[in-house]
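Engineer: pasting the structure only:
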């Protein structure tokens, strides 16, 4: 049962990582004029990914120095999400070893 919870948490982190990547790509394409934000479908996708990722990106942007037009906050968030996935894997492995420890003695 516990492994299902860790699997689900890992999958949510993985999906959120992809949401951050997609939001960064959409933002870049919109700012360069490749995507027309006046198009209703494009606006809907951009707005959805902005609303999903902005609560996590805003605190990172506040703490990062101003680099001009370069926004590295998605990269920082992706690194934090990867670190969280690694921590989850280590916690799951530690719990699994604790469950097997009485059987190994």
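Structural biologist: Looks like it came in fine. Since the model is a prediction, treat every value here as computed from it, not as a measurement.

Engineer: spatially nearest residue to the most centrally placed residue in the chain (excluding sequence neighbours)?
Structural biologist: The centre of the chain sits closest to residue 17, judged by Cα atoms, centre = their mean, with a distance of 3.1 Å. Excluding its sequence neighbours, the residue lying closest to residue 17 (Cβ to Cβ, 6 or more residues apart in numbering) is residue 81, at 4.8 Å. In this view, the C-beta of every residue, glycine as well, is placed from N, C-alpha and C.

Engineer: any idea which element the one you found lies in?
Structural biologist: helix 73-104 (DSSP states H and E).

Engineer: mind listing what the residue nearest to residue 17 touches?
Structural biologist: Contacts for residue 81 (Cβ atoms under 8 Å, 6 or more residues apart in numbering) come out as 13, 16, 17, 20.

Engineer: any idea how far it lies from residue 74?
Structural biologist: Residue 81 is 10 Å from residue 74, where distance means Cβ to Cβ, to the nearest Å.

Engineer: low-confidence ranges in this structure?
Structural biologist: 99-105 (pLDDT under 70).

Engineer: can you do 90?
Structural biologist: 1-3, 33, 37, 65-71, 90-105 (pLDDT under 90).

Engineer: just the buried positions in the helix holding residue 81, please.
Structural biologist: 73, 74, 77, 78, 81, 85, 88, 92 (16 or more other Cβ atoms under 10 Å).

Engineer: quick check, nearest of those to residue 41?
Structural biologist: residue 74 (22.7 Å; Cβ to Cβ).

Engineer: do I have it right that that closest one meets residue 22?
Structural biologist: No - using Cβ atoms under 8 Å, residue 74 is not in contact with residue 22, being 10.1 Å away.

Engineer: got a list of what residue 52 touches?
Structural biologist: Counting by Cβ under 8 Å, 6+ apart, residue 52 has contacts 16, 19, 23.

Engineer: which of those has the most neighbours?
Structural biologist: residue 23 (22 neighbours; other Cβ atoms under 10 Å).

Engineer: where's it, which helix or strand?
Structural biologist: Short version, using DSSP H and E: residue 23 is in helix 2-31.
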